[in-house]
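> following is a predicted model, sequence given first.
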Amino acid sequence: MTSLHYDNIRPNYYLSRWQYYEAARHDLTPTELKHAKVFFNALKNLDKGSLAILTDIFYFSKDYTSPDKRGYYQTVRAVPSSTLAKKYGVSVDKFGNMRREAQFKLKREMQEVMKQITEGVD
């Protein structure tokens, strides 16, 4: 059984590790690999608009944290909403709502993937 409990998924945790999951794909621990599989399967089920927002916020961020012992940056800091609000031509508040909605959609998709995994184990 996987260690993720699908009621308590925090999308920011996985989104901030998006680049790490790709860069370290051959060096992930078994738990990290499970998490990455759930995350990427949920991402591919997102609508294009939500995926574009999350990609702009996390995947294109260049604000890395300190590298781990293996030399990988495990997390990135999100691109500020004020920066992306200009790109999308909306207010910072409106973009914040768009961001929260996209993250909620990702959470729902991740919960659905986890539910399928859990039901497949039973």
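Arrived safely, thanks for sending.
> poorly predicted segments of the protein, please.
Flagging of the chain using pLDDT under 70 yields the residue ranges 1-7, 120-122.
> now the residue nearest in space to the middle of the chain: how far from Lys34?
Closest residue to the average C-alpha location of the chain: Leu15 at 2.3 Å, with CA atoms, centre = their mean. Separation of Leu15 from Lys34 (CB to CB, to the nearest Å) stands at 17 Å. For every residue, glycine as well, the C-beta is placed using N, CA and C.
> which other helices and strands does whichever helix in the chain runs longest contact?
Ranked by residue count under DSSP state H, the longest helix found in the chain is helix 92-121. The helices and strands touching helix 92-121, judged by 3 or more CB pairs under 8 Å, 6 or more residues apart in numbering; DSSP states H and E, are helix 11-15, helix 30-43, helix 48-54, helix 81-88.
> got the buried residues for the second one?
Residues Glu32, His35, Ala36, Val38, Phe39, Phe40, Asn41, Ala42, Leu43 are the ones in helix 30-43 that count as buried (16 or more other CB atoms under 10 Å).
> elements contacting that helix?
Going by 3+ CB pairs under 8 Å, 6+ apart, helix 30-43 lies up against helix 18-23, helix 92-121.
> would you mind measuring from Asp93 to Asn45?
The spacing between Asp93 and Asn45, counted by CB to CB, is 28 Å.
> quick one: which of those two has more around it?
Of the pair Asp93 and Asn45, Asn45 is the one with more neighbours under other CB atoms under 10 Å, namely 15 against 10.
> gap between the more buried one and Phe39?
Per CB to CB, Asn45 is found 11 Å from Phe39.
> distance to Phe60 for the helices and strands packed on helix 92-121 - can I get that in JSON lines?
Output for the helices and strands packed on helix 92-121, formatted as JSON lines (distance: least, CB to CB, whole Å):
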{"stretch": "helix 11-15", "distance to Phe60": "12"}
{"stretch": "helix 30-43", "distance to Phe60": "15"}
{"stretch": "helix 48-54", "distance to Phe60": "10"}
{"stretch": "helix 81-88", "distance to Phe60": "10"}
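> any idea which of those gets closest to Met98?
Nearest of the helices and strands packed on helix 92-121 to Met98, taken as CB to CB: helix 48-54 at 5.8 Å.
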